[in-house]
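Participant: Fold the following for me, if possible:
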Amino acid sequence: MKQRLQRLTELFTIFFKISAVSVGGGLTMLPLMTREFVEKRRWLTDEDMVDTVAVMQSVPGIIAINMGILIGYKVAKLPGVLAAAVAVVLPPFIVIVIIAMFIMNLQGSAAADQIFLGVRAAVCALILVSVIKLSRQILKGVFPLTVAAIGFISLVFFNVNAIWLIAAAAAAGLGQGLCQYLALRRRLKGERQ
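Facilitator: Now for the predicted structure:
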């Protein structure tokens, strides 16, 4: 019981800290979460993290909360979900309340515009780090590289909806798995004869 409470406290603290410093949402949290949960505490494997990112990107809702729910469940089941979800929501809620009190004074301020410009640049860098780390783990082989390249080109040059890309990539993965299964079955059948 004491160990479970300690894990829940750690989970809440980690998500609270990450949420407090990750301006830009769920994707900017990825490098920090990977370091905390995979590298530092080893509560998750690299594969768990990649699977979590894949699921959180494909379900509706706020990415940061989805990530908190998925990781919280893997680490501590339902109590982990509650701890992580509350910890993810609390810092932005507090910040929004504070900003709302002072928003009239910030509107049109050159200093505020420069601050937000710097924050947006940092968010881009954090997302790029997440993309690089994930691509090193996922893009091993011709098939994943091809799917990623086609997806990138479709998004950037043809403005294809991301939902259709996810569905097409899932279908392609299923097709590849089916082809591998049929080839293996044929080979085993040939060996028996």
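Participant: So for the helix or strand harbouring Cys179, what gets flagged as buried?
Facilitator: Secondary structure assignment for Cys179, by DSSP states H and E: helix 162-192. For helix 162-192, a neighbour-count test (16 or more other CB atoms under 10 Å) marks 165, 169 as buried. Glycine gets a C-beta too; all of them are placed from N, C-alpha and C.
Participant: distance between it and the chain's centre?
Facilitator: Remark: helix 162-192 is offset 26 Å from the chain centroid, using CA atoms, centre = their mean, to the nearest Å.
Participant: In terms of secondary structure, what does it contact?
Facilitator: Helix 162-192 sits against helix 142-158, with contacts defined as 3 or more CB pairs under 8 Å, 6 or more residues apart in numbering; DSSP states H and E.
Participant: By neighbour count, which bits of the helix it packs on are buried? Give me those.
Facilitator: For helix 142-158, using 16+ other CB under 10 Å, the buried residues are 147, 151, 154.
Participant: JSON lines for those, including distance to Arg35?
Facilitator: JSON lines is the format used below for the buried residues of helix 142-158 (distance: CB to CB, whole Å):
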{"residue": "Val147", "distance to Arg35": "27"}
{"residue": "Gly151", "distance to Arg35": "27"}
{"residue": "Ser154", "distance to Arg35": "32"}
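Participant: hang on, Asn66 packs against Gly26?
Facilitator: Yes. In this structure, Asn66 is within contact of Gly26 by CB atoms under 8 Å, at 7.0 Å.
Participant: any common contacting residues for those two?
Facilitator: Met56 (CB atoms under 8 Å, 6 or more residues apart in numbering).
Participant: Regarding the chain, what is its longest helix?
Facilitator: The longest helix of the chain (DSSP state H) is helix 63-106.
Participant: ok, Leu32 to Ala64 distance?
Facilitator: 11 Å (CB to CB, to the nearest Å).
Participant: between those two, which one's more packed in?
Facilitator: Ala64 (25 against 19; other CB atoms under 10 Å).
Participant: Can you tell me the SS state at the residue nearest the centre of the chain?
Facilitator: With distances taken as CA atoms, centre = their mean, the chain has Val53 as the residue nearest its mean C-alpha position (3.7 Å). What DSSP: H, G, I helix; E, B strand; the rest coil gives for Val53 is helix.
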